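Enquirer: pasting the sequence and the predicted coordinates here, then a few questions.
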Amino acid sequence: MDEMLDEPVHVEEMRLPDVEQVLVTERKSYATPWSRRAFVSELTENAYAHYLVAKAGQRVVGYCGMWFIVDEGHITNVAVHPDFRGRGVGRMLMQAAMDLARLSGGIRVTLEVRISNTIAQSLYESLGFHRVGVRRGYYTDNGEDAYIMVWGRMPGEGAE
């Protein structure tokens, strides 16, 4: 099929030239995809935002966004191109984001995930995330609830 499927995948910081390829994965992954402007704004105007891309050769095959505020990373979005799902790309991106949070002094990482997205939940749980709550009607496309998941210490917990 595609010779890129055999290329080793690596993770690096997202840059403006990556946005066009990120949009391909975004549109294939979400019913209400982010716009080009939203990604450009995150990269150029949001001092809290940190975005990573997974690449096979020069092809963007996945991405992950995180806001880092004080001691907490919050995953804003993560997606893997359908051709590369089930190959560990999502795990690679999440581990890179968690490492970035740790290196920045983070003690926890949070995210929301659709209650119906059991594949993503399994990945997050395998990385040490646990459910701490539900956001009712969180997803605007269909009103689906989201689990709030956290990795690391919760406020009030002592050092590990």
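Expert: Yep, it's here. Numbers count the residues shown, from 1 in each chain.

Enquirer: could you measure from residue 77 over to residue 120?
Expert: For residue 77, the distance to residue 120 (C-beta to C-beta, to the nearest Å) stands at 12 Å. (Glycine included, C-beta is placed from N, CA and C.)

Enquirer: oh, that last question was meant for residue 81, not what I typed.
Expert: 15 Å.

Enquirer: out of these two, which sits in the busier spot?
Expert: Per other C-beta atoms under 10 Å, whichever of residue 81 and residue 120 has more neighbours is residue 81, with 22 against 18.

Enquirer: spit out the contact partners of the more buried one.
Expert: Residue 81 sits next to 24, 25, 28, 29, 60, 61, 62 when contact means C-beta atoms under 8 Å, 6 or more residues apart in numbering.

Enquirer: just confirm the last one is within a strand.
Expert: Yep, that's residue 62 we're talking about. Yes: judged by DSSP: H, G, I helix; E, B strand; the rest coil, residue 62 forms part of a strand.

Enquirer: correct me, but it touches residue 83?
Expert: No: in this structure residue 62 lies outside contact range of residue 83 using C-beta atoms under 8 Å: 10.3 Å.

Enquirer: quick one: which of those two has more around it?
Expert: Shown here are residue 62 and residue 83; by other C-beta under 10 Å, residue 62 has more neighbours (25 against 15).

Enquirer: residues making contact with stretch 38-49?
Expert: The contact list for stretch 38-49, computed with C-beta under 8 Å, 6+ apart, reads 14-16, 19, 22-23, 26, 51, 65-69, 76.

Enquirer: by neighbours, which of these wins?
Expert: Most neighbours among those, by other C-beta under 10 Å: residue 66, with 28 neighbours.

Enquirer: please identify the helix or strand for it.
Expert: strand 59-69 (DSSP states H and E).

Enquirer: helices or strands next to that strand in the packing?
Expert: Helices and strands touching strand 59-69, by 3 or more C-beta pairs under 8 Å, 6 or more residues apart in numbering; DSSP states H and E, are helix 19-29, strand 49-56, strand 72-80, helix 89-103.
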